[in-house]
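Trainee: No letters, just coordinates:
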């Protein structure tokens, strides 16, 4: 999976495409240099965004506080900032769980 991670102040930015209202929560694969996620929650009141953060935190094995949505709060295409891990470790952990 050719992930494009961008070094930013405080961590690495990753593009995320979110499919809300799915039957299960998972990383569905690579999408345009980022990843595609499916979450069960619908995009109302920020619940899908919270599910995205929780899913990424679980997969990356870091606290949810280390992940922030920095762009696209109301869009399916988002940018998340991941703190506390190297780019290599982020890539390794996302590849291990893909699909």
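Mentor: That came through, no problem. Please read these numbers as outputs of a predicted model, since none were measured by experiment.
Trainee: Give me the contact list for the helix or strand containing residue 91.
Mentor: Assigned by DSSP states H and E, residue 91 belongs to helix 87-97. Residues outside helix 87-97 that contact it (C-beta atoms under 8 Å, 6 or more residues apart in numbering) are 1, 3, 5, 7, 12, 14, 27, 35, 59-61, 82, 85. The way it works is simple: take the backbone N, C-alpha and C, and place the C-beta from them, glycine included.
Trainee: So which of the residues you listed belong to strands?
Mentor: Counted as lying in strands by DSSP state E, out of the contacts of helix 87-97, are 7, 12, 14, 27, 35, 82.
Trainee: Model confidence for the second one, exactly?
Mentor: Note on residue 12: pLDDT of 98.
Trainee: List the buried residues for stretch 76-88?
Mentor: By 16 or more other C-beta atoms under 10 Å, the buried positions in stretch 76-88 come out as 78-82, 85, 87.
Trainee: Dump the residues you listed into a markdown table; add distance to residue 68 and pLDDT as well.
Mentor: Formatted as a markdown table, the buried residues of stretch 76-88 follow (distance: C-beta to C-beta, whole Å; pLDDT from 0 to 100):
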| residue | distance to residue 68 | pLDDT |
| --- | --- | --- |
| 78 | 10 | 97 |
| 79 | 10 | 98 |
| 80 | 7 | 98 |
| 81 | 5 | 98 |
| 82 | 8 | 98 |
| 85 | 14 | 97 |
| 87 | 17 | 95 |
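Trainee: Make TSV out of the residues you listed and add distance to residue 43.
Mentor: Shown next, in TSV, are those (distance: C-beta to C-beta, whole Å):
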residue	distance to residue 43
78	11
79	16
80	16
81	20
82	21
85	27
87	29
